[in-house]
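>>> Sequence first, then the predicted structure:
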Amino acid sequence: KAGVTQTPRYLIKTRGQQVTLSCSPISGHRSVSWYQQTPGQGLQFLFEYFSETQRNKGNFPGRFSGRQFSNSRSEMNVSTLELGDSALYLCASSLGSEHNSPLHFGNGTRLTVT
Amino acid sequence: AQSVTQLDSHVSVSEGTPVLLRCNYSSSYSPSLFWYVQHPNKGLQLLLKYTSAATLVKGINGFEAEFKKSETSFHLTKPSAHMSDAAEYFCVVSSRYNFNKFYFGSGTKLNVKP
């Protein structure tokens, strides 16, 4: 089975721009979660989608948004980029409907905002 | 309420010596517990999971963890460290009744000296 695929691996953007990150989950997984990882704040939960609906949300401003498509693929969008948005963005998929179903992570997208 | 505390932010061992990474959890309901490893600029890889079966859980790469309900602990161990084990390790908890929410520890960076 193919793992979780995130594209692109690296992105460099300028303050004020917007960016879209993509995540393809493991086949059969209906839940996709997004995390932001920085040296200062560690791993922070952004949101989770299950069957095209946002099921859980972390404490991030509205500039961060996401969506999930009918094939479970997910995108995350960040508008009006700030320097502090520079981070490794991780996507994780799981079955999402069973106890004990772990998260499976992609290798992330490294976003640098200049 | 659920939470995870990783008791050491950094652990340093010599190659060939045992590894102990400590994790305490708090969970209102039957917990599922996971350990993940992250190498630099990579995603998190699942090492092992506890799902209320055997209390001693064996994972990949020689790692294992013991669930101790009375101590609310789930420490990760390995008998003999390899240089390739140098990475950051995360302890994660979810619960039977809230299985789509995952709570991460702050991570332990393992350094392996030659």
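Everything's here; your move.
>>> Parallel or antiparallel, which strands does the helix or strand of chain B with the lowest mean pLDDT pair with?
Ranked by mean pLDDT, DSSP states H and E, the helix or strand of chain B with the weakest confidence is strand B:98-104, at a mean of 81. Here strand B:98-104 is paired, per DSSP bridges, with strand B:87-95 (antiparallel).
>>> And the average pLDDT for the partner strand is what?
Averaging pLDDT along strand B:87-95 gives 92.
>>> what's the closest non-adjacent residue to the closest residue to chain A within chain B?
Nearest residue of chain B to chain A, counting by CB to the nearest CB: B:Gly43, 3.6 Å away. Backbone N, C-alpha and C define where each C-beta goes, glycine included. Excluding its sequence neighbours, the residue lying closest to B:Gly43 (CB to CB, 6 or more residues apart in numbering or on different chains) is A:Phe105, at 3.6 Å.
>>> bridging residues for that neighbour?
When assigned by DSSP bridges, A:Phe105 has beta-bridge partners A:Ala92.
>>> Give me the neighbour count for it.
A:Phe105 is flanked by 22 other residues according to other CB atoms under 10 Å in any protein chain shown.
>>> before we move on, what about the one 4 residues further on?
Residues lying near A:Thr109 (other CB under 10 Å) number 21.
>>> pretty sure it contacts A:Leu88?
Yes. Judged on CB atoms under 8 Å, A:Thr109 makes contact with A:Leu88 at a distance of 7.3 Å.
>>> So B:Asn111 is in contact with B:His10, correct?
Yes. Applying CB under 8 Å as the test, B:Asn111 and B:His10 come out as touching, 6.9 Å apart.
>>> Could I get the pLDDT score of residue 34?
If you meant another chain, say so; for now it's chain A. On the pLDDT scale, A:Trp34 gets 97.
>>> let's do chain B instead
95.
>>> what sits up against the helix or strand that it is a member of?
Per DSSP states H and E: B:Phe34 is located in strand B:31-38. The set of residues external to strand B:31-38 that reach it, using CB atoms under 8 Å, 6 or more residues apart in numbering or on different chains, is A:99-100, A:102-103, A:105, B:2, B:21, B:23, B:25, B:44-52, B:59, B:63, B:65, B:67, B:74, B:76, B:87-96, B:99, B:102, B:107.
>>> To what extent is the residue of chain B closest to chain A buried, counted in neighbours?
Neighbourhood size, B:Gly43 [other CB under 10 Å]: 22.
>>> How about the contacts made by it?
By CB under 8 Å, 6+ apart, the residues touching B:Gly43 are A:Val4, A:Gln6, A:Leu90, A:Ala92, A:Phe105, A:Gly106, A:Asn107, A:Gly108.
>>> how about the nearest residue to the first one, chain neighbours excluded?
Right, A:Val4. Sequence neighbours aside, A:Gly106 is the residue nearest to A:Val4 in space, at 3.8 Å (criterion: CB to CB, 6+ apart).
>>> so the one you found touches A:Leu88, yeah?
No. Look at A:Gly106 against A:Leu88 with CB under 8 Å: they stay out of range, at 10.6 Å.
>>> In terms of neighbours, single out the busier of those two.
The neighbour count for A:Gly106 versus A:Leu88, taken as other CB under 10 Å, is higher for A:Gly106 (25 against 19).
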